[in-house]
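*Asks:* Mind looking at a prediction? Sequence and model below.
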Amino acid sequence: METKVVNKLPTRGANAALILSVADRKHCPKFAIPDESSKAITRAVKRGDLATTANSTLTLHDVPGLPVPRVVLQRCGTARTDRPIASVEARGEGIASALAATGSDHAMIVLDSLNCPTGASIETCAQILTATLVAKQYQFREHPRTELPPPSALKILTFIVDKKFGAEVKRGATQGLAIAQGMALARDLSNTAPNICTPEYLAIQARKLGKGDKSMQVSVLDEARMEKLGMAAFLAVSQGSRQPARLIAMQYNNARKSQKPIILVGKGVTFDTGGISIKPSAGMDEMKFDMCGAATVFGVMQACQALGLKINLIGVVAAVENMPDGNACRPGDVVRTLSGQSVEILNTDAEGRLVLCDTLTWVERFKPHAVVDIATLTGACVVALGDVCSAVLGNDSALVDELYAAGQESADTTWPLPLWIDYQHQLDSNFADMANVGGKGAGAITAACFLSRFTKNYRWAHLDIAGVAWNSGGTKGATGRPVPMLMHWLMGQAA
Ligand code: BES
Ligand code: MN
Ligand code: ZN
């Protein structure tokens, strides 16, 4: 996809669609349209053919006076008051569905501050519309099939805006495109079958991302290195698998050397059977998505590269497979973590925190400005928040607030859960410094409590993305979340 910004109606567009917002009975803004076209459009709206519900669309063909064969009218409803930016996303989705019913190769969106909801800048609108529209074109095409669906026809997205908004909209569109492409990378990696997407596969993808980019340095630790370092918790998860674990670091340095790096740590469990505490078989295939945190890190790194973001960022991926086997770790095993603290593994299915705790200790060596881990960590998070938002917890309220705000601005939301010490006692163990699972209640919080014991030396936040990272059922597949939220946060850090 290619994005453009112009300040008048293009003179050509043989297979294009012009997208206009309609508020009340008027389409806005009018400046882009010749009078005779405007009249024909107004007549169609007055007839009542465009539903009054927000974001519904009506496609008109061969409107006189226009260089394009179709016009998509979209009802501009009142913005949501709880989350104004979600209204912009809904608009993008409405446009994408209307376009999907056509063979348009070019979408021309007339954008004005008038058709942006209050609380959303025209730059943000351009960004969200671009990201949504491009993300909607995504198809997973990585596996061979005898019948692949035809690729999406849409190739160009043009914003038609008043000159005075040109620079802002251009910026928004560029960011939106990079975000959507980052999401596509995250989704491709996540959707790839777990017999292909192994820890070593992820290491290869990381090296690919680093290739030819002088600002990106990639390093991979194998199990021997991890053992020497003392990462026994990480390796306890891996020991039941034939696939060797990998600890991957992608260092993107594009700011002053003196600037401390931001670190993203992704849970990269390429398949989670639960281990000896094995999971029920129904739906277990979805545990290939247990590396969506890692996939998010890849997507973010690529988007930062594409935008040339002026930051120092390290993407770290803890890549491992959790399998039951004669050599697998057992419930009751005690391991010494890289931090020196010991852990009694009461449940081998709580493996994410075991690989993350050693990784979170390991990243101390980079003297981070802040660390954010991203993990499909608990089913309890899905119970608490569903598929609407991720959970955010951390040891620095300013950092948690920043991530919350980035969620609101990107329509890729996150919601705070309390990380109070009241929950810590659930991890008490009679045989080690801590157990790897808590009791019945507050599973998403006790998982974060466990991680908090390894993050005391820096500002840290944890994102539990178990509910948002993929869809089940008929639309089964990775979503690319929370790439948009993290990109919003990082773009703010660069500014
Ligand atoms: N990867 C799972 C969490 C998960 C489960 C995410 C289902 C999305 C859907 C994680 O490794 C896990 O198994 N967590 C356990 C923790 C429990 C043993 C304390 C869980 O949530 O059941
Ligand atoms: Mn598990
Ligand atoms: Zn898991």
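*Replies:* Structure received. Numbers count the residues shown, from 1 in each chain. Ligands and ions are numbered 1, 2, ... in the order given.
*Asks:* rest of the way, CA atoms for contacts and neighbours
*Replies:* Will do.
*Asks:* what's the neighbour count on the spatially closest residue to Ile311 that is not a sequence neighbour?
*Replies:* Counting by C-alpha to C-alpha, 6 or more residues apart in numbering, Ile311 lies nearest to Ala255, which is 4.8 Å off, once chain neighbours are set aside. Ala255 is flanked by 16 other residues according to other C-alpha atoms under 10 Å.
*Asks:* Would you mind listing where the protein has pLDDT under the threshold?
*Replies:* 24-30 (pLDDT under 70).
*Asks:* Any idea which residue of the stretch 351-495 of the chain lies closest to ligand 2?
*Replies:* Glu351 (5.2 Å; C-alpha to the ion).
*Asks:* actually the stretch 151-300 of the chain, sorry about that
*Replies:* Going by C-alpha to the ion, ligand 2 is nearest to Gly274 of the stretch 151-300 of the chain, at 4.7 Å.
*Asks:* For that residue, list the residues it contacts.
*Replies:* 322-324, 348-351 (C-alpha atoms under 8 Å, 6 or more residues apart in numbering).
*Asks:* Which among the residues you listed count as buried?
*Replies:* Neighbour-count burial within the contacts of Gly274 applies to 322-324, 348-351; the criterion is 16 or more other C-alpha atoms under 10 Å.
*Asks:* Now for the contacts of Gly274: which two are most distant?
*Replies:* Greatest spatial distance among the contacts of Gly274 (C-alpha to C-alpha): Pro324 and Ala350, at 13.4 Å.
*Asks:* near ligand 1, which residues of this protein?
*Replies:* Contact residues (C-alpha under 6 Å from any ligand atom) of the chain with ligand 1: 274, 290, 347, 349-352, 376-380, 437, 466.
*Asks:* Try it again at 8 Å.
*Replies:* Taking C-alpha under 8 Å from any ligand atom as the measure of proximity, the chain contacts ligand 1 at 269, 272, 274, 279, 286-287, 290, 347-353, 376-382, 436-438, 443-444, 447, 466-467.
*Asks:* And for Glu142, the neighbour number?
*Replies:* Around Glu142 there are 11 residues (other C-alpha under 10 Å).
*Asks:* That one against Leu189, yeah?
*Replies:* No - the pair formed by Glu142 and Leu189 falls short of the contact definition of C-alpha atoms under 8 Å, at 9.3 Å.
*Asks:* Residue of the stretch 151-300 of the chain closest to ligand 1, please.
*Replies:* Asp290 (5.3 Å; C-alpha to the nearest ligand atom).
*Asks:* dump the residue contacts of the residue nearest to that residue when sequence neighbours are not counted.
*Replies:* Leaving out its chain neighbours, the residue that sits closest to Asp290 by C-alpha to C-alpha, 6+ apart is Val269, at 5.2 Å. When contacts are counted by C-alpha under 8 Å, 6+ apart, Val269 touches 199, 288, 290-291, 318-322, 352.
*Asks:* and the residue of the chain at minimum distance from ligand 2, helix, strand or coil?
*Replies:* Relative to ligand 2, the nearest point of the chain is Asp349 (3.6 Å; C-alpha to the ion). Following DSSP: H, G, I helix; E, B strand; the rest coil, the label given to Asp349 is coil.
*Asks:* Please state the offset of stretch 5-15 from the chain centre?
*Replies:* Here stretch 5-15 is found 32 Å from its chain centre; the criterion is C-alpha atoms, centre = their mean, to the nearest Å.
*Asks:* Could you list the buried residues of that stretch?
*Replies:* Buried-residue list, stretch 5-15, by 16+ other C-alpha under 10 Å: 5-7, 9, 13, 15.
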